[in-house]
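Novice: take a look and give me a structure for this.
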Amino acid sequence: MPEPTKEKLSYRLITGPDTQEFCERISTALAEGYVLHGSPAATFDGTEVIVAQAIVLPAAIASADAAVATAVDELDSQLDEEFDGEGHA
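Specialist: Model prediction:
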């Protein structure tokens, strides 16, 4: 799994006209180890359809998930210490 580096951003939002070139940009990013993040967005600028797709490196997701899990564990520990056994914290 690719690690985030200075050359590879953990998160990218690719935007542009809805063309084969846009799809190729997404395909290239997927081949480089990025994964899609969320659904694509589309709008019309009066002339053409403009699309956007967020992509992330899997290591960035794993790192964020680990940080959230650690924060939840710390909160649980604090609540356990403050709980008086009577239903009141």
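
Novice: going forward, measure contacts and count neighbours with C-alpha atoms only.
Specialist: Noted.

Novice: where is the longest helix in the protein?
Specialist: With secondary structure taken from DSSP state H, the chain has its longest helix at helix 58-82.

Novice: just the buried residues of it, please?
Specialist: Within helix 58-82, the residues scored as buried using 16 or more other C-alpha atoms under 10 Å are 58-60.

Novice: wait, which of those is closest to Leu9?
Specialist: For those, the minimum distance to Leu9 (C-alpha to C-alpha) is 9.3 Å, reached by Ala60.

Novice: residue contacts, the residue lying closest to that closest one once chain neighbours are set aside?
Specialist: Once flanking residues are discounted, Ala60 sits nearest to Ser10: 5.7 Å by C-alpha to C-alpha, 6 or more residues apart in numbering. By C-alpha atoms under 8 Å, 6 or more residues apart in numbering, the contact set of Ser10 is 4, 56-57, 59-60.

Novice: separation between Ser10 and His37?
Specialist: In this structure, Ser10 and His37 are separated by 11 Å, where distance is defined by C-alpha to C-alpha, to the nearest Å.

Novice: need the residues touching each of those two.
Specialist: Here Ser10 and His37 have Val56 as joint contacts, going by C-alpha under 8 Å, 6+ apart.

Novice: re earlier: could you dump the buried residues of helix 58-82 to CSV with pLDDT and distance to Val51?
Specialist: CSV is the format used below for the buried residues of helix 58-82 (pLDDT from 0 to 100; distance: C-alpha to C-alpha, whole Å):
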residue, pLDDT, distance to Val51
Pro58, 91, 23
Ala59, 85, 25
Ala60, 77, 23
